[in-house]
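# got a predicted model here, sequence first, then my questions.
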Amino acid sequence: MGHLSHDAVEAPLTTSVAWSALAAHHAAIKDRDLRSLFAEDPQRAEGFTVEGGGLTLDYSKNRITPQTISLFVQLAEERGFFQKRAAMFRGDKINVTENRAVLHAALRAPRDAIFEVNGRNVVPDVHAVLDRMAAFAERVRSGAWKGHTGKRIRNVVNIGIGGSHLGPEMAYLALRAFSDRDMRFRFVANVDGAAFTEATQDLDAEETLFVISSKTFTTLETMSNADIARAWLLQRLGEESAVAKHFVAVSTNAAGVKAFGIDTANMFEFWDWVGGRYSLDSAIGLSTMLAIGPDNFRAMLAGFHDMDVHFRTAPLAKNLPALLGLLTVWYADFFGAQSQAVLPYAQALARFPAYLQQLQMESNGKSVDLTRRRVDYQTGPIVWGEPGTDGQHSFYQLLHQGTHLVPADFIGFLEPLSPLAPPHDLLMANLFAQAEGLAFGKTAEEVAAEGVGANDVAFRVMEGNRPSNMILADRLDPRALGALVALYEHSTFVQGAIWGVGSFDQWGVELGKVLAKKIIGELRDMDEPKLAHDSSTNALIARYRASRAGG
Ligand SMILES: O=P(O)(O)OC[C@H]1O[C@](O)(CO)[C@@H](O)[C@@H]1O
């Protein structure tokens, strides 16, 4: 039995030998600063730089020594990391609270690979859907697929939320340079009607295709927006039969798709062993494929796969996702870091931090481990960020001189996407400068030597010793994006494996859904005077009702 089942007993993390050793090691090195660590070892950058899946990770500007890495490896071994990783790739039901396998790696496996769920190889199913997606995407992109009135499709609106939105939106923006510039892509998630209105106000219904993306096909926001989309279309095109030409679905729920009125011939399937936040490379990527074309989409899958192979085969001390994940644990649990910044130096990765928020916070935002114990350590950190250089003129002040320790992942690309090359030098200079500044800061002596008056020196000192990773790729192309996403997927897995939490469920989002359902009824039924919430919620509902009655 390779994975941790519901009833298996894993020793508490904090009682493990490696954990105590790391605590002692932390006490010994926590006051060391990066200046001295670099001064001591001229080869430090080289020693702490690894390559994998076409990406380079320079993690030398972390508060670690070679011994830290040995202890990381020991911790991973003690926490059954190798068995857990094998269990995931073997298709064991490691999502124990939902009794599901976790096999997003199968979504990007080559045709001849074997990934089994319940003894059945799912790779042929994956490729059958990919082939159908490709055929459909070709028809839409070439104009062979016509709308109800015979016009070609020029607008694609993806309707979905969470994993059925953040991935597609992020990937579209990231790869827009590879997209068909004659087509427009819009993404609607929020149940706020303003999102749909804004996304469609300049679109011609005759040329618009809606992709309804929902794993369950029951999600309130998505179903509501899909209904609005259908009404919008019918109001403009008049006939119910138009739906068939303007709506396709991506889901695991064929019955739900049919009930909505979408022909299941126009449904692209995925499976319960694909978590929503791990689904961008499944049929949920249909809008991405429509934008960049099947070849580019397959290149993205190849990038994912490269990172999967690296994650499965590289020794831990040279394994990018393992290092990234273990460093996250290191700062969260030993340095008390509450958050983790993701700072892509690429405008096209504007939504990457938002994508990572769901990936990491929905996965590891847990406070009970798989043996049902309340944990006595920090789990998933708060993930946030914005593209550089914009962030520099906003929150970097706090990164450099604030009281919080915020480990940062910098992401950069050696070649520009834009032909405006000189600004790329500016962009990259800023990227390298920020990591340097955070790590090494500026001492009081250095400030004074610049001629700053004694009264002002204290304000201008930069303590430094603020850790960061530098992740580099040659170019932000489909392959690199795939590798980057897979890097973080597996890093998330590594963190969850160490913490012993279930990274693949999300029970925490259920309560809000249930409460909202009840309140929806109460907002709509003005004649139901008895509200049995707390006094605050009662008053808020009453205030809303009064405003509706007044309007
Ligand atoms: O794809 P669906 O089923 O509409 O779900 C959307 C999102 O809702 C969640 O279940 C959270 O509520 C996410 O995990 C998921 O990505």
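In hand now; what should we look at?
# the residue nearest to Ala205 when sequence neighbours are not counted sits in which helix or strand?
Sequence neighbours aside, Arg236 is the residue nearest to Ala205 in space, at 3.7 Å (criterion: C-beta to C-beta, 6 or more residues apart in numbering). For the C-beta atoms, the positions are set from N, CA and C on the backbone; glycine is no exception. Using DSSP states H and E, Arg236 falls within helix 220-237.
# please apply the same query to Pro353.
helix 352-356.
# quick check: next helix or strand after that helix?
Where DSSP H and E defines the elements, the next helix or strand beyond helix 352-356 is helix 363-364.
# by contact count, what packs against that following helix?
Using 3 or more C-beta pairs under 8 Å, 6 or more residues apart in numbering; DSSP states H and E, the elements in contact with helix 363-364 are helix 478-499.
# now the helix it packs on: average pLDDT?
Across helix 478-499, pLDDT averages out at 98.
# buried ones in that helix?
For helix 478-499, a neighbour-count test (16 or more other C-beta atoms under 10 Å) marks 478-499 as buried.
# stretch 414-428 now?
Using 16+ other C-beta under 10 Å as the test for burial, stretch 414-428 gives 416-417, 424, 427-428.
# which parts of the stretch 401-550 of the chain are helices?
421-440, 444-449, 454-460, 478-499, 510-524, 535-550 (DSSP state H, counting those that start in this stretch).
# just want the angle from the last one to helix 510-524.
Same thing as helix 535-550. Computed with axes from the mean of the first three to the mean of the last three C-alpha atoms, to 10 degrees, the direction of helix 535-550 lies at 40 degrees from that of helix 510-524.
# how far off centre is helix 535-550?
Using C-alpha atoms, centre = their mean, to the nearest Å, the distance from the centre of helix 535-550 to the centre of the chain it belongs to is 36 Å.
# and the contacts of it?
Contact with helix 535-550 is made by 519, 522-523, 526, 531-533, as judged by C-beta atoms under 8 Å, 6 or more residues apart in numbering.
# how about the CA coordinates for that helix, as PDB?
Extracted C-alpha coordinates of helix 535-550, given in PDB (Å, rounded to 0.1, in the frame of the first residue of the first chain):
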ATOM      1  CA  SER A 535     -28.200  39.600  14.300                       C
ATOM      2  CA  SER A 536     -25.700  40.900  11.800                       C
ATOM      3  CA  THR A 537     -26.700  38.600   9.000                       C
ATOM      4  CA  ASN A 538     -30.400  39.200   9.700                       C
ATOM      5  CA  ALA A 539     -29.900  43.000   9.500                       C
ATOM      6  CA  LEU A 540     -27.900  42.700   6.300                       C
ATOM      7  CA  ILE A 541     -30.700  40.700   4.700                       C
ATOM      8  CA  ALA A 542     -33.300  43.100   5.900                       C
ATOM      9  CA  ARG A 543     -31.400  46.100   4.600                       C
ATOM     10  CA  TYR A 544     -31.100  44.400   1.200                       C
ATOM     11  CA  ARG A 545     -34.800  43.600   1.100                       C
ATOM     12  CA  ALA A 546     -35.600  47.100   2.000                       C
ATOM     13  CA  SER A 547     -33.500  48.500  -0.800                       C
ATOM     14  CA  ARG A 548     -35.200  46.000  -3.200                       C
ATOM     15  CA  ALA A 549     -38.700  47.000  -2.000                       C
ATOM     16  CA  GLY A 550     -37.700  50.700  -2.300                       C
END
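# perfect, that will be all.
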